[in-house]
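Enquirer: after the sequence you'll find the predicted model.
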Amino acid sequence: MNTMSYDEAVEKIGYGPFQRRLMIVCGLGWAADAMEVLLISFALPAIGQEWNLSNAQKGLLGTAIFIGMLLGAWLWGRLSDLAGRKIGFVSTVAVDSVFGLLSALAPSFGWLVVLRALTGFGVGGTLPVDYSIFAEYLPVKKRGRNLVLLEAFWALGSVAAAGLAWLVVPTLGWRWLLGISAIPGLIIFFIRRYVPESPRYLLVNGRTKEAEVVLRQVAAENGVQLPANFQLRAIKAEPKVPVADLWRPALRRTTLLLWALWFFVSLGYYGIFTWLPNYFRSQGMALLPVYQNTFILALAQLPGYFSAAYLVERWGRRKTLAVYLAGSGMFSFLFAAASGLSGLILMGVWMSFFTLGAWGALYAVTPEVYPTNLRATGMGAASGMSRIAGAISPSMGAALMTGTLWAPLMVFAGAYFLASLTALGLPRDTTAVPLVDSLPPS
């Protein structure tokens with residue numbers, strides 16, 4: 001009998017067509033989510049003009065989706081650990097797309113706020129579920145790079161949202177922007193139904209034979225043949241553990257620092273990028289150039305991801321994350337201090353480059369530090385902190401808007417610098433380290 005551990009089986013299967021297809025399926029859903037989150041920032045100038053909204057009301061509209069994302073991250077992440085990855089993998093995309101489409105039909109400001117919150121409930125669940133299922137299919141030497149590259153699809157969604165806003169809002173209006181952006185998610189919902197359950201989840205939950213069937217299927221798609229008498233070695237792990245285990249001594253420092261990291265990074269990112277079109281408008285740009293320049297900054301996110309994907313394997317997760325966060329803070333400061341349109345755009349490009357590279361590294365390290373029976377719960381809880389920051393930052397930006405870029409951007413640049421220092425305190429680097437399925441008894 002040829003008995004293997006799960007990690008040995010995954011290394012034997014390798015990285016091939018199955019994982020590449022899974023990345024596309026996860027990534028397109030992630031891009032659709034990015035569109036849902038960011039398109040309000042592109043639509044805000046037009047919505048505000050149509051309904052004569054105050055800055056406080058615009059901030060509330062930007063906050064609404066994050067309130068839904070907070071609840072979604074906690075609920076879907078926990079459900080993914082208790083009932084399986086696939087239920088959330090399929091359902092979250094359906095929820096955010098349906099309510100995203102209904103947002104285009106909102107008859108009033110109040111209804112739009114409610115529908116954006118419901119959209120966020122689906123979006124918030126995508127993060128912990130997608131990263132958990134994808135990480136569990138990856139061999140160790142391919143894991144970090146591919147988790148960062150998966151996050152790069154967020155940049156594609158950002159570019160698509162900016163491009164759509166540029167083309168659609170000045171001619172057809174903001175409702176068409178919201179409606180068109182919901183369509184990709186509806187298509188992806190039907191594709192995701194055919195992705196199998198995570199075999200690592202099945203194994204930890206005692207469903208060894210089902211896990212073996214899935215691994216044979218993945219091996220066949222990758223052109224690899226597992227031995228005829230292949231069997232997985234059973235795992236002695238408690239499949240369903242309480243959320244409080246995130247604070248066991250072995251995880252306490254990691255959980256605390258990750259929560260702080262997600263909060264600070266999100267405060268900086270959403271505080272700046274939710275208000276970016278309004279920042280440009282405050283500098284005297286007409287609406288069309290606002291969308292054109294925001295599109296350029298969105299394009300700068302892609303090389304940020306690709307460089308971080310390379311460096312997380314060369315430098316390690318912790319160092320890459322700290323350096324990119326420091327770069328985010330520095331160029332946010334320089335963006336605030338820039339004079340003239342060319343200087344503003346140049347500093348904004350570098351700000352986008354470092355910020356999204358930092359996001360990629362953070363998305364790589366978070367699922368790696370938690371065991372299988374807490375992986376999605378840990379991801380959901382950490383990302384929940386980002387939703388709290390995301391809910392605060394648009395309203396904070398509204399309160400700090402004084403006609404200049406200086407006041408709000410100094411606060412958000414400071415958040416990046418705090419995040420960089422926090423990253424250096426992470427207790428261990430997970431580069432080239434196998435995933436674990438459970439923690440030893442306390």
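Expert: Received the coordinates, thanks. The model shown is predicted, which means the values in this text are computed figures rather than measured ones.

Enquirer: could you look up the SS state of residue 249?
Expert: State at residue 249, reduced to three classes by DSSP: H, G, I helix; E, B strand; the rest coil: coil.

Enquirer: from residue 264, how far out is it?
Expert: Separation of residue 249 from residue 264 (Cβ to Cβ, to the nearest Å) stands at 24 Å. Heads up, the C-betas are built off the backbone N, CA and C, glycines and all.

Enquirer: so for those two, which residue has more residues nearby?
Expert: residue 264 (26 against 8; other Cβ atoms under 10 Å).

Enquirer: dump the residue contacts of residue 273.
Expert: Counting by Cβ atoms under 8 Å, 6 or more residues apart in numbering, residue 273 makes contact with 38, 41.

Enquirer: any idea how far it is from residue 337?
Expert: Residue 273 is 18 Å from residue 337, where distance means Cβ to Cβ.

Enquirer: what's the answer for residue 146, then?
Expert: 37 Å.

Enquirer: who's more crowded, those two?
Expert: residue 146 (21 against 14).

Enquirer: state the helix or strand in which the more buried one lies.
Expert: Secondary structure from DSSP states H and E places residue 146 in helix 140-168.

Enquirer: tell me how far residue 177 lies from residue 29.
Expert: Residue 177 is 19 Å from residue 29, by Cβ to Cβ.

Enquirer: and for residue 387, the neighbour number?
Expert: 28.

Enquirer: for my notes, confirm it occurs in a helix.
Expert: Yes: counting by three-state DSSP, residue 387 falls inside a helix.

Enquirer: in contact with it, which residues?
Expert: 66-67, 69-70, 73, 120, 124, 266.

Enquirer: of all those residues, the one with the weakest confidence?
Expert: Among the contacts of residue 387, residue 66 has the lowest pLDDT, at 82.

Enquirer: residue 390 is in contact with that residue, correct?
Expert: Yes: between residue 66 and residue 390 there is a contact under Cβ atoms under 8 Å: 3.6 Å.

Enquirer: joint contacts of those two?
Expert: Common contacts of residue 66 and residue 390 (Cβ under 8 Å, 6+ apart): residue 270.

Enquirer: immediately after the helix holding residue 146, which helix or strand?
Expert: helix 174-192.

Enquirer: and residue 290, what's its pLDDT?
Expert: Confidence score, pLDDT, at residue 290: 63.

Enquirer: of residue 177 and residue 29, give the one with the bigger neighbour count.
Expert: Neighbours were counted for residue 177 and for residue 29 using other Cβ under 10 Å; residue 29 has more, 29 against 24.

Enquirer: chain neighbours aside, what residue packs nearest to residue 310?
Expert: residue 145 (7.3 Å; Cβ to Cβ, 6 or more residues apart in numbering).

Enquirer: who's in contact with that neighbour?
Expert: Per Cβ under 8 Å, 6+ apart, neighbours of residue 145: 309-310, 312-313.

Enquirer: Serialize the residues you listed to CSV and add fields for neighbour count and pLDDT.
Expert: Conversion of those to CSV gives the following (neighbours: other Cβ atoms under 10 Å; pLDDT from 0 to 100):
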residue, neighbour count, pLDDT
309, 23, 90
310, 13, 92
312, 28, 91
313, 18, 90
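
Enquirer: distance to residue 115 and secondary structure for those residues - can I get that in TSV?
Expert: What follows is those, written out as TSV (distance: Cβ to Cβ, whole Å; DSSP: H, G, I helix; E, B strand; the rest coil):
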residue	distance to residue 115	secondary structure
309	35	helix
310	40	helix
312	37	helix
313	41	helix
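
Enquirer: if we can go back for a sec, which ones among the contacts of residue 387 are found in helices?
Expert: Among the contacts of residue 387, the ones falling in helices (DSSP state H) are 66-67, 69-70, 73, 120, 124, 266.

Enquirer: go through the residues you listed and name the one nearest residue 11.
Expert: Nearest to residue 11 out of the ones in helices among the contacts of residue 387 is residue 73 (Cβ to Cβ; 30.9 Å).

Enquirer: would you check that the closest one makes contact with residue 377?
Expert: No: contact criterion Cβ under 8 Å: residue 73 and residue 377 do not qualify, at 10.1 Å.

Enquirer: how many residues are close by residue 54?
Expert: Here the count is done by other Cβ under 10 Å, and residue 54 has 10 residues near it.

Enquirer: next: residue 247.
Expert: Neighbour tally, residue 247, other Cβ under 10 Å: 12.

Enquirer: contact partners for the closest residue to it other than its chain neighbours?
Expert: Nearest non-adjacent residue to residue 247, counting by Cβ to Cβ, 6+ apart: residue 255, 6.2 Å away. By Cβ under 8 Å, 6+ apart, the residues touching residue 255 are 246-247, 378, 381-382.
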